[in-house]
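In: let me see the structure of the following:
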Amino acid sequence: MGNDGGSIPKRSEVVKKRRNQVELDKSAKNFAKSSLCAMSKESLRKPVVACKRGLLYNKEHLIKRILEKTVPHEFRHISKLSRDTCQVSDSSLATETTDSETRFSLQCALSQQNLNGIVKFVIGFKCGCILS
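Out: All right, here's what the predicted structure looks like:
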């Protein structure tokens, strides 16, 4: 079974890791993916585009970065806006108005369910529809 003098246990075999912290970070990360621009980390606003990797972007910010040629290294898979991205349809964007600001959230075109990071979603690349 070990520890008889012939084997040396590794740290990972002796110490157990906590798993509770990982789950909290995962849900927060998924919520951020569905409500924030992947490149600028600002809240999503119309018009919204999606790349083939499933990341969501503010179209204005993405165009600005492509024209200035300052696209970060992790987003180099987007070289041409018309070929590498699709625009999310307006029917998939729900408007949430509060006292001081107007926010947009993604919504399934069929079930009208808000995408909050827990619900998985798929973007139809040809039409731009979002389905949960």
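In: how many neighbouring residues does residue 93 have?
Out: 17 (other CB atoms under 10 Å). Backbone N, C-alpha and C define where each C-beta goes, glycine included.
In: any idea how far it is from residue 126?
Out: 18 Å (CB to CB, to the nearest Å).
In: just residue 120 next, same as before
Out: 20 Å.
In: ditto for residue 78
Out: Counting by CB to CB, the gap from residue 78 to residue 126 is 18 Å.
In: more neighbours: these two, which one.
Out: residue 78 (20 against 7).
In: give me every residue that touches that one.
Out: The neighbours of residue 78, taking CB atoms under 8 Å, 6 or more residues apart in numbering as the test, are 51, 62, 66, 71, 84, 85.
In: again, only this time at 10 Å
Out: 39, 49, 51-53, 55, 57, 62, 65-66, 71, 84-85 (CB atoms under 10 Å, 6 or more residues apart in numbering).
In: in stretch 50-64, what counts as buried?
Out: 50, 51, 55, 56, 57, 58, 59, 61, 62 (16 or more other CB atoms under 10 Å).
In: can you tell me which of the residues you listed are in strands?
Out: 50, 51, 56, 57, 58 (DSSP state E).
In: which one of those residues sits closest to residue 30?
Out: residue 56 (12.2 Å; CB to CB).
In: which residues touch the nearest residue to the closest one once chain neighbours are set aside?
Out: Once flanking residues are discounted, residue 56 sits nearest to residue 50: 5.4 Å by CB to CB, 6 or more residues apart in numbering. Residue 50 makes contacts with 38, 56-57, 85-88, 106, 123-125, 128, 130, as judged by CB under 10 Å, 6+ apart.
In: any idea how far residue 47 is from residue 110?
Out: Residue 110 is 22 Å from residue 47, by CB to CB.
In: ditto for residue 33
Out: Distance from residue 33 to residue 47, by CB to CB: 18 Å.
In: same check, this time on residue 90
Out: Counting by CB to CB - residue 90 and residue 47 are separated by 8 Å.
In: neighbour count winner among those two?
Out: residue 47 (16 against 11).
In: so where is this structure shaky, pLDDT-wise?
Out: 1-5, 18-24, 94-104 (pLDDT under 70).
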